[in-house]
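J.: Quick one, what's the 3D model for this:
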Amino acid sequence: MSVQVAAPAVELKELSGPMDKAAGPPCEPVTAHPPGRAVAAVTCPLSATEREAALAPSCSERPPGSGCPGLSSSAAGLPPGAAKVPQASAMKRSDPHHPQHRHRDGNDSGGAAAEALVSPDGTVSEAPRTVKKIQFADQKQEFNKRPTKIGRRSLSRSISQSSTDSYSSAASYTDSSDDETSPRDKQQKNSKGSSDFCVKNIKQAEFGRREIEIAEQEMPALMALRKRAQGEKPLSGAKIVGCTHITAQTAVLMETLGALGAQCRWAACNIYSTLNEVAAALAESGFPVFAWKGESEDDFWWCIDRCVNVEGWQPNMILDDGGDLTHWIYKKYPNMFKKIKGIVEESVTGVHRLYQLSKAGKLCVPAMNVNDSVTKQKFDNLYCCRESILDGLKRTTDMMFGGKQVVVCGYGEVGKGCCAALKAMGSIVYVTEIDPICALQACMDGFRLVKLNEVIRQVDIVITCTGNKNVVTREHLDRMKNSCIVCNMGHSNTEIDVASLRTPELTWERVRSQVDHVIWPDGKRIVLLAEGRLLNLSCSTVPTFVLSITATTQALALIELYNAPEGRYKQDVYLLPKKMDEYVASLHLPTFDAHLTELTDEQAKYLGLNKNGPFKPNYYRY
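T.: Numbering: from 1, shown residues only. Model (predicted):
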């Protein structure tokens, strides 16, 4: 819903004169105008005589939100009922058109005794006065005192509470009244009368739809797929069950799959990454979505089960991110694989699980490894993390990166992106690595290769990017300096041994959404982000354009596996054909007004290539 605010019918002029440092601007409501609207300070329209008769405080003495006489709060750009904040002292002016007045009780708006002195030329100033310390009625306790046991209980969150906090790190429109009720306990229906979904609040659908529309502008390849496949419907008859991050970008993918003819049911692969308003928009559009931000572990598996175990609906394709959905079907519903044509997996963790199943002879359907496709590995992992690592750390800690000592565990594509961003911001970056090739790359890029034990006492930030488990152990956590920030950029929450921190001698305090202080008995604390889960999608957002590349690769992998003739793919793990990688890249080039060079017949013959590609062999490393 678009709301247009009429410009105030008040002549706006600029005020002059010095201001007391403790006071706000001359007419504080003016600062509440949206950026981009040309607004100067507001001139109070009453005459000096009228103001004297009214015996009212001047503009500067009025609390913010009360405005000047004759100017409503709505005209000043503030909502009705805006909070009134006491001013520390009245402001001094030398402008005769704005004489300073006092309350009848002799106190200024800050509560300190003051006396107005009027000079012959009309200039008003204050006589010397004794400044009193401001004391707010609701702030009687001293902030530097440590909370008592009772107070600490209200400030600290238990482990179970902190794992289910619900708050969108991006723009969230969650109604606070809904926070205490689990979506599983609600009876919700969309406008079509369907209740085959479970989201935080279906009423947020309108906000989510706007976010999806914004994402569509940055996802040109998926929009191109919709147009090119309107007639042929390559996924007609496909029943896709998905488990990914549920964001505006994923919503564009889901709606593209629907446009290509597929039926979809979806759950979240991370308990913190769901955007509630986007999930609501998908549910309103008829997609069975089971996800909300701040799920418990039990909620997580319940949502996956609701996607899979539904009467009269049998999935024949799986789109997974992390392998949890595939694992659940193997564990609970192994007979479903008789009708499933293939699995598409996009994470290091999930691909590792698939290769384990294949090696053990337990993989009973073909699987496509999207994670190691060039269009995923070199773009989503590298360029996406290069931008989103800074975003996630800034939103959660408000920290400055310049001069900070950071250790990044792992120098794969994710680690490379994180290191490049932090180095560019002036951080001192160390790298840990097990692979000598990646280690040599780190050295050649100007990073010092270390063991974690060598720098753990001195670093300010620890970031894991390995996809492994127990990279940061309790021993490392015990040795960290006070206020060290610990976070994970890998998919799973196994890299940091968070379980070892859930002990009686350590105190957990929730600071803000996805930010916890873990406090040792001696008072030392570390700052743990997202409880060791994926930082960028748990605590911030990721660049839409990069996700367009990944999502298009996923869509083509689904189309390839679903339409492949019987026998083309065995019960094994495959990479997407190079030709499809190149096709995904070509769909994104028009965004940059980029123009590819074409080979001549002679050049193509010389290189032994087809003029239309593929242009690199499968063993080529970009």
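
J.: On the three-state scheme, residue 351 is what?
T.: The three-state assignment at residue 351 reads helix, by DSSP: H, G, I helix; E, B strand; the rest coil.

J.: cool, the one 5 residues further on as well?
T.: The three-state label for residue 356, taken from three-state DSSP, comes out as helix.

J.: What's the local residue count around it?
T.: Around residue 356 there are 12 other residues, counting by other CB atoms under 10 Å. For every residue, glycine as well, the C-beta is placed using N, CA and C.

J.: cool, the one 5 residues further on as well?
T.: Applying the criterion other CB under 10 Å, we find 8 residues in the vicinity of residue 361.

J.: if I look at it, how far off is residue 268?
T.: Here the criterion is CB to CB, to the nearest Å. By it, residue 361 lies 31 Å from residue 268.

J.: ok, now residue 512?
T.: 21 Å.

J.: which of those two has more neighbours?
T.: Neighbours per residue (other CB under 10 Å) separate residue 512 from residue 268, with residue 268 holding more: 29 against 14.

J.: phi, psi of residue 507?
T.: phi -110, psi 130 (degrees, to the nearest 10).

J.: Skip the chain neighbours and tell me the closest residue to it.
T.: In this structure, residue 507 finds its nearest non-sequential neighbour in residue 519, 4.3 Å apart by CB to CB, 6 or more residues apart in numbering.

J.: What about that neighbour, how many residues nearby?
T.: 16.

J.: ok, it - contacts?
T.: 506, 507, 508, 509, 525 (CB atoms under 8 Å, 6 or more residues apart in numbering).

J.: Would you write a ChimeraX line that selects the buried entries of the residues you listed?
T.: Selection of buried members from the contacts of residue 519 for ChimeraX, criterion 16 or more other CB atoms under 10 Å:
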select :508,509,525
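
J.: just the contacts of residue 519 now: which is nearest residue 336?
T.: Residue 336 has its nearest neighbour among these in residue 508, at 39.3 Å by CB to CB.

J.: Could you report the separation of the closest one from residue 519?
T.: 8 Å.

J.: for residue 320, same thing?
T.: Taking CB to CB, one finds residue 320 at 37 Å from residue 519.

J.: With residue 421 instead?
T.: The value you get for residue 421 to residue 519, if CB to CB is used, is 30 Å.

J.: Residue 459 now?
T.: With CB to CB as the criterion, residue 459 and residue 519 are 19 Å apart.

J.: can you check residue 435 too?
T.: Note on residue 435: its distance to residue 519, by CB to CB, is 36 Å.

J.: And the residue nearest the centre of this protein?
T.: residue 540 (1.9 Å; CA atoms, centre = their mean).

J.: What is the burial count for residue 574?
T.: 17.

J.: Surely it is in contact with residue 372?
T.: No - counting by CB atoms under 8 Å, residue 574 does not reach residue 372; the two are 10.2 Å apart.

J.: where exactly do the helices run in the stretch 201-350 of the chain?
T.: Per DSSP state H, counting those that start in this stretch, the stretch 201-350 of the chain carries helices over the ranges 205-217, 220-228, 248-259, 276-284, 297-308, 324-332, 348-359.

J.: Point out the one among those helices that comes closest to residue 556.
T.: Checking the helices of the stretch 201-350 of the chain against residue 556 by CB to CB gives helix 220-228 as the closest, at 8.2 Å.

J.: Could you point out which residue ranges in this protein have low pLDDT?
T.: 1-179 (pLDDT under 70).

J.: and residue 417, helix, strand or coil?
T.: Secondary structure of residue 417, per three-state DSSP, is helix.

J.: Do I have it right that it meets residue 381?
T.: Yes - counting by CB under 8 Å, residue 417 does reach residue 381; the two are 6.9 Å apart.

J.: what about stretch 590-610, distance to the chain center?
T.: Stretch 590-610 has its C-alpha centroid displaced from the chain centroid by 39 Å (CA atoms, centre = their mean, to the nearest Å).

J.: Just the buried residues of it, please?
T.: For stretch 590-610, burial by neighbour count (16+ other CB under 10 Å) applies to residue 599.

J.: Also stretch 421-440?
T.: 421-423, 425, 427-433, 438-439.

J.: Can you dump the C-alpha atoms of it in PDB for me?
T.: Presented in PDB, the C-alpha positions along stretch 421-440 are these (Å, rounded to 0.1, in the frame of the first residue of the first chain):
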ATOM      1  CA  ALA A 421      37.100  -8.400   1.900                       C
ATOM      2  CA  LEU A 422      38.700  -8.200   5.300                       C
ATOM      3  CA  LYS A 423      42.100  -7.300   3.800                       C
ATOM      4  CA  ALA A 424      40.500  -4.500   1.800                       C
ATOM      5  CA  MET A 425      39.000  -3.100   4.900                       C
ATOM      6  CA  GLY A 426      42.400  -2.900   6.600                       C
ATOM      7  CA  SER A 427      42.300  -6.000   8.800                       C
ATOM      8  CA  ILE A 428      45.300  -8.100   9.600                       C
ATOM      9  CA  VAL A 429      44.300 -11.500   8.300                       C
ATOM     10  CA  TYR A 430      45.800 -15.000   9.100                       C
ATOM     11  CA  VAL A 431      44.800 -18.200   7.400                       C
ATOM     12  CA  THR A 432      44.700 -21.800   8.500                       C
ATOM     13  CA  GLU A 433      44.600 -24.500   5.800                       C
ATOM     14  CA  ILE A 434      45.200 -28.300   5.500                       C
ATOM     15  CA  ASP A 435      45.600 -28.400   1.700                       C
ATOM     16  CA  PRO A 436      49.100 -27.300   0.500                       C
ATOM     17  CA  ILE A 437      47.800 -26.000  -2.800                       C
ATOM     18  CA  CYS A 438      45.200 -23.700  -1.100                       C
ATOM     19  CA  ALA A 439      47.900 -22.800   1.500                       C
ATOM     20  CA  LEU A 440      50.300 -21.700  -1.200                       C
END
